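[1] mind folding the following:
(chains A and B)
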Protein chains: 2
Amino acid sequence: MTAVLDSLQQGRKTILPAMRAALDRLDPISRSTAHYHLGWTDLDGNPTEGGGKAVRPALALLSAEAAGAEAEVGLPGAVAVELVHNFSLLHDDLMDGDTERRHRPTVWTVRGAASAILTGDAMLSLAQEILLDGDAPCSFAAARLLADATNELIRGQVLDVSFEQRNDVGLDECLDMAAGKTGALLSASTAIGAVLAGAPQPVIEALAGFGADLGLAFQLVDDVLGIWGETAVTGKPVFSDLHARKKSLPVTYAITHGGALGRELADWLARPDTPGEESVRHAAGLIEQAGGRKWALDEAYRRMADGRHKLEAVGVPERPREELLSLAEFIVTREA
Amino acid sequence: MTAVLDSLQQGRKTILPAMRAALDRLDPISRSTAHYHLGWTDLDGNPTEGGGKAVRPALALLSAEAAGAEAEVGLPGAVAVELVHNFSLLHDDLMDGDTERRHRPTVWTVRGAASAILTGDAMLSLAQEILLDGDAPCSFAAARLLADATNELIRGQVLDVSFEQRNDVGLDECLDMAAGKTGALLSASTAIGAVLAGAPQPVIEALAGFGADLGLAFQLVDDVLGIWGETAVTGKPVFSDLHARKKSLPVTYAITHGGALGRELADWLARPDTPGEESVRHAAGLIEQAGGRKWALDEAYRRMADGRHKLEAVGVPERPREELLSLAEFIVTREA
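    This is a model prediction of the structure:
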């Protein structure tokens, strides 16, 4: 675990100056909002401690090393994926009405909806500009990879929003949504460094597949923690997703594969009122008895094993491979 | 004028199938919202007559011809600029609280804020994907041109929003905002076809400069119409911008160059209440006497002449040049 934290720390050191240089291209207003959103400054622009863990940039740098290149080759990709990630956070926080991120008020609550929309737009557009600044054919391929991943990310968010209005979401649809919303950008992160390094197609595909597996595994574990996670770990109340009657992956599995228990759970989810503590505890029991928790954790484990196998199959060198796997494990078990 | 309408009609015929194919790549929900926004369908998905004039795609096709290529060479660029234009409309309508576009309810009013945000995001990301689909070096240059223009467009919108809170906006700042918000994408539209055609740099720069001039001229005339335009032409009440106490270009000129009249106007603009009919008429008189109207129209004329000169200087062939100039004149004098 210490090795992972070291590698994240190292990644942040490498990426911070490049992120700062990228954001310097924005107009002063968007730049200041981006700095606040990233946790670099307070609302008055004074520097603060903190900021995100920057796992996607760390993956992008390792991805270059996995292809036998220096980590720095992946740097434009690292900046670009972090920009796209933060574009999506800015817009999602506004759409979901979330008021807190990284223990601070979200941008839309303190600077208004227009600021969250425009700063997100600016970061998305900047991400492409950073990649297109390179003039190698690899930069072109990297820009294409990122555009495809961004479209998938948006598609996933569109599905997520639409699922809130539906009571008939199947497990495949739910997995497809998670593959878009969580998997696509992680997949681009684990592949973009190799793309920039001009790696052969099978290596790029293996790395992209590993990132997609990682994304699904993360979402599965995150959904389990959203129901059974300890407050001390998640920072959220126990059963928090159930209080919101959220149709997450273990819930959808239980409904679609749990027979009578699943039908009882579906009825419970369709109720319009806010459930009390006892009601929520009962629903959690239904999901567990219907096999939702076990399936989600088993499936997450299977995805991680698949991912490892993909890296081994194309002969990713041992050091970057083990670092990618350790970082993936850290993301799946720790990122809240 | 008939020739211009023919050329727009021709452009729409060429671009519609390509736009449709591009939008087919979106998830069904975003696609249906995009079709409604573009005026292709009603809210239930039934086909409707109408849709925008698609002036930017027409400019992009002519831009390829200006570089001696077939119009079709500019097609991916035509689709991409139209997608970016509509991304900005979807987000701007939401941010500005505008409830009507093309005589129909705006997307955010009928499908919600999240839908306007996500459909805009999807169209922006799709624009890059369309260009990056090409594999010529020219596609790469076109994608870069569009990313730069998009950043400028967003910067212009950020400035526009920030100006609403300020009473000390200078004329240069105001022109800079218009160059970003209106000029950048028109400039990209008039250049992107030539970029895709692999035109020499001086031709690309002349076409881009022509588009930037066109953008400024359009904004200047639009601002004049926003104050003195006949309702029959603009579809808005007379003095509509003054009812909103909007600091448009002629107003900013009058304030900064109008001496005592300008100071009186500045005081009037700073008032917090909604002005009555007589008050608005008086303000319009102040702007006119302070030279704001004349300056704006003269400046628009100068920009159009500059633009023509740029095209002539690099020897753009006569037919596409004259069509570009006619279309530019149509945009400046007709687009409301």
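
[2] A:Arg31 touches A:Asp24, doesn't it?
    Yes. Here A:Arg31 reaches A:Asp24: they are 6.9 Å apart, a contact under C-beta atoms under 8 Å. All C-beta atoms are positioned from the backbone trio N, CA, C, and that covers glycine.

[3] show me which of these two is the more surrounded one.
    A:Arg31 (17 against 9; other C-beta atoms under 10 Å in any protein chain shown).

[4] give me the pLDDT for the closest residue to the more buried one other than its chain neighbours.
    Leaving out its chain neighbours, the residue that sits closest to A:Arg31 by C-beta to C-beta, 6 or more residues apart in numbering or on different chains is A:Leu23, at 5.3 Å. pLDDT, A:Leu23: 98.

[5] do A:Met1 as well
    Per the predicted model, pLDDT is 60 at A:Met1.

[6] now A:Ala232
    So A:Ala232 comes in at 66 (pLDDT).

[7] same deal with A:Leu297?
    At A:Leu297, pLDDT is 95.

[8] that one contacts A:Val221, correct?
    Yes. Here A:Leu297 reaches A:Val221: they are 7.3 Å apart, a contact under C-beta under 8 Å.

[9] so these two - more neighbours on which side?
    A:Val221 (24 against 15).

[10] so the more buried one versus chain B, what's the distance?
    26 Å (C-beta to the nearest C-beta, to the nearest Å).

[11] that residue against A:Thr333, yeah?
    Yes. Using C-beta under 8 Å, A:Val221 is in contact with A:Thr333, at 6.7 Å.

[12] ok, the helix or strand containing A:Asp92 near chain B or not?
    If you go by DSSP states H and E, A:Asp92 is part of helix A:75-96. Yes. With C-beta under 8 Å from any C-beta of the partner chain as the measure, helix A:75-96 is seen reaching chain B through A:87, A:91, A:94-95.

[13] possible to save these as CSV with neighbour count and pLDDT?
    Listed next are those as CSV, based on neighbours: other C-beta atoms under 10 Å in any protein chain shown; pLDDT from 0 to 100:
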residue, neighbour count, pLDDT
A:Phe87, 26, 98
A:His91, 26, 97
A:Leu94, 23, 96
A:Met95, 20, 94
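
[14] what's near enough to touch A:Leu175?
    A:216, A:249 (C-beta atoms under 8 Å, 6 or more residues apart in numbering or on different chains).

[15] let me see the confidence value for it.
    97.

[16] after the helix or strand harbouring it, which helix or strand is next?
    Secondary structure from DSSP H and E places A:Leu175 in helix A:171-178. Next helix or strand after helix A:171-178 toward the C-terminus (DSSP H and E): helix A:184-196.

[17] ok, and what's touching stretch A:226-243?
    With C-beta under 8 Å, 6+ apart as the criterion, stretch A:226-243 contacts A:223, A:225, A:246, A:248, A:250-251, A:274-275, A:280-281, A:283-284, A:287, A:293, A:336.

[18] in strands, which of those residues fall?
    Counting by DSSP state E, no part of those is found in strands.

[19] isn't A:Asp93 up against A:Trp108?
    Yes. Using C-beta under 8 Å, A:Asp93 is in contact with A:Trp108, at 6.2 Å.

[20] and the helices in the stretch 1-150 of chain A?
    A:2-23, A:28-37, A:55-66, A:75-96, A:107-111, A:113-133, A:137-163 (DSSP state H, counting those that start in this stretch).

[21] which residues does the nearest residue to A:Lys53 once chain neighbours are set aside contact?
    Nearest non-adjacent residue to A:Lys53, counting by C-beta to C-beta, 6+ apart: A:Leu8, 5.9 Å away. Contacts for A:Leu8 were tallied using C-beta under 8 Å, 6+ apart; they are A:53-55, A:58, A:327, A:330.

[22] which two in the residues you listed are spaced the farthest apart?
    A:Ala54 and A:Phe330 (12.4 Å; C-beta to C-beta).

[23] name the residue in these two with the higher neighbour count.
    A direct count of neighbours by other C-beta under 10 Å for A:Ala54 and A:Phe330 places A:Ala54 higher, at 23 against 19.

[24] OK, contacts around the most centrally placed residue in chain A?
    When C-alpha atoms, centre = their mean is applied to chain A, the residue found nearest the centroid is A:Thr182 (4.5 Å). By C-beta under 8 Å, 6+ apart, the contact list for A:Thr182 reads A:156, A:215-216, A:218-219.

[25] A:Phe163 contacts A:Asp176, correct?
    No. Under the criterion of C-beta under 8 Å, A:Phe163 makes no contact with A:Asp176, lying 10.8 Å away.

[26] ok, back up a step: what's the pLDDT at the residue nearest to the centre of chain A?
    In this model, A:Thr182 carries a pLDDT of 96.

[27] and for the residue in the stretch 201-336 of chain A positioned nearest to chain B, the neighbour number?
    Residue of the stretch 201-336 of chain A nearest chain B, by C-beta to the nearest C-beta: A:Gln201 (14.7 Å). Neighbour count for A:Gln201, taken as other C-beta under 10 Å: 9.

[28] ok, now A:Arg271?
    The burial count for A:Arg271: 10, using other C-beta under 10 Å.

[29] next one: it from A:Glu264, what distance?
    A:Arg271 sits 12 Å away from A:Glu264, going by C-beta to C-beta, to the nearest Å.

[30] ok, A:Ala18 next?
    52 Å.

[31] same deal with A:Thr99?
    33 Å.

[32] for A:Ala149, same thing?
    Counting by C-beta to C-beta, the gap from A:Ala149 to A:Glu264 is 39 Å.

[33] compare neighbour counts for the two and give me the winner.
    Taking other C-beta under 10 Å, A:Ala149 and A:Glu264 do not tie; A:Ala149 has more neighbours (26 against 18).

[34] excluding chain neighbours, what is closest to the more buried one?
    A:Ala188 (3.6 Å).

[35] hang on, the one you found packs against A:Gly211?
    Yes. The criterion here is C-beta under 8 Å, and A:Ala188 meets it with A:Gly211 at 7.1 Å.

[36] pull the contacting residues for the nearest residue to A:Cys174 once chain neighbours are set aside.
    Leaving aside its sequence neighbours, A:Cys174 sits nearest to A:Thr252 (C-beta to C-beta, 6+ apart; 4.5 Å). Taking C-beta under 8 Å, 6+ apart as the criterion, A:Thr252 is in contact with A:169-171, A:174.

[37] let's see it at 7 Å
    By C-beta atoms under 7 Å, 6 or more residues apart in numbering or on different chains, the contact set of A:Thr252 is A:169, A:171, A:174.

[38] same question for A:Leu94.
    A:108, A:113, A:116-117.
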